[in-house]
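Asks: Mind folding the following:
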Amino acid sequence: ADLCEREYVGSRPVENARLAAHEVRQAHGQRQALMAMTTGLEGIRGARDATSIGEVIERLQAIRGQAEPVQRSRLLTGLDAIDAMSRDDEEPVVPTSFGWTDDAIGGGLPVGGLVALVAPPSVGKSALALQWIVGALLRDTSLRAVWAAGEMTMKGIGKRLVAVGSGLVDGCERVRKNDASRQTARSGSARAAVAAAVGDRLTFVQPPLTVAKIDAAVSETGAQVCMVDYLQLVTVPDGGRDRVADLDRVIGGIRN
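Replies: Numbers count the residues shown, from 1 in each chain. Here you go, the predicted model:
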């Protein structure tokens, strides 16, 4: 390789000589890596102390890292993918009690993550989100949640809460939203059952909505789940000039 980098090798120009030098180095490095990997595999094969895939991967990667030139970046392989998966802990989630939802989003609402419901107006986004929240609260009696209600009144939320909760609380007869506030024995029983099941574990933040108000409610209650209905109604200081930038700031603030 060094000879190839001289001004001429035979009658070949300098650029061709440098290219040849690079190819020689590359081929030599690959042969070294292959020999090191073969040696490592032979040493690991049958070894009793290699008790996990993670240990095998770490030893192979150490061997390969020593064999490859430092200045040359390598392509990632299946070993790297399995190693990354093995090292990471299972991501914590909050199950919603709805299998069709939990299965689609990795087992439940991701702790520290963000789930966005995007759809045209009046198609049931808030109702679906409320089902998730109530389902999660009923599944885990230690769970607390915050709902930033930028649009609905407390009376409107109460109707939805009773209607949704009555269909989820064990032994409760389900009532429709329009019947939830009626003074009937059925509606009264549903209201009492939902109130006993959810209680004060669901806290509401009323407008005007700001990231600071939402954050304060989450901190005060120790809530693990926060629902914002909806993001466009959350304001930020010095906002209003660029709505897209404002939404980015809102999402970043809530995530943090």
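Asks: ok now do residue 226, which residues does it touch?
Replies: The contact partners of residue 226, by CB atoms under 8 Å, 6 or more residues apart in numbering, come to 145, 146, 147, 148, 214, 218, 254. Quick note: C-beta positions are derived from backbone N, CA and C, even for glycine.
Asks: Quick check: the fifth one touching residue 228?
Replies: Just to be clear, that refers to residue 214. Yes. Under the criterion of CB atoms under 8 Å, residue 214 makes contact with residue 228 at 6.9 Å.
Asks: what do the two both touch?
Replies: With CB under 8 Å, 6+ apart, residue 214 and residue 228 have common neighbours 148, 234, 254.
Asks: Count the neighbours of the last one for me.
Replies: Applying other CB atoms under 10 Å, we find 17 other residues in the vicinity of residue 254.
Asks: give the contact list for residue 177.
Replies: Counted by CB under 8 Å, 6+ apart, residue 177 has contacts 159, 160, 162, 163.
Asks: hang on, the earlier thing: please identify which pair of the contacts of residue 226 lies farthest apart.
Replies: Distances among the contacts of residue 226 were taken as CB to CB; the most separated pair is 145 and 254, at 14.0 Å.
Asks: Alpha carbons of stretch 177-196, as PDB, please.
Replies: Presented in PDB, the C-alpha positions along stretch 177-196 are these (Å, rounded to 0.1, in the frame of the first residue of the first chain):
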ATOM      1  CA  LYS A 177     -75.300  11.200  27.000                       C
ATOM      2  CA  ASN A 178     -78.600  13.000  26.600                       C
ATOM      3  CA  ASP A 179     -80.100  10.900  29.400                       C
ATOM      4  CA  ALA A 180     -77.100  11.300  31.800                       C
ATOM      5  CA  SER A 181     -78.500  14.500  33.400                       C
ATOM      6  CA  ARG A 182     -82.100  13.400  33.700                       C
ATOM      7  CA  GLN A 183     -83.500  12.900  37.200                       C
ATOM      8  CA  THR A 184     -84.300   9.200  36.900                       C
ATOM      9  CA  ALA A 185     -83.300   6.300  39.000                       C
ATOM     10  CA  ARG A 186     -81.200   4.800  36.200                       C
ATOM     11  CA  SER A 187     -79.300   8.000  35.500                       C
ATOM     12  CA  GLY A 188     -78.800   8.700  39.200                       C
ATOM     13  CA  SER A 189     -77.400   5.200  39.700                       C
ATOM     14  CA  ALA A 190     -75.000   5.700  36.800                       C
ATOM     15  CA  ARG A 191     -73.800   9.000  38.100                       C
ATOM     16  CA  ALA A 192     -73.100   7.600  41.500                       C
ATOM     17  CA  ALA A 193     -71.300   4.600  40.100                       C
ATOM     18  CA  VAL A 194     -69.000   6.600  37.800                       C
ATOM     19  CA  ALA A 195     -68.400   9.200  40.600                       C
ATOM     20  CA  ALA A 196     -67.300   6.400  43.000                       C
END
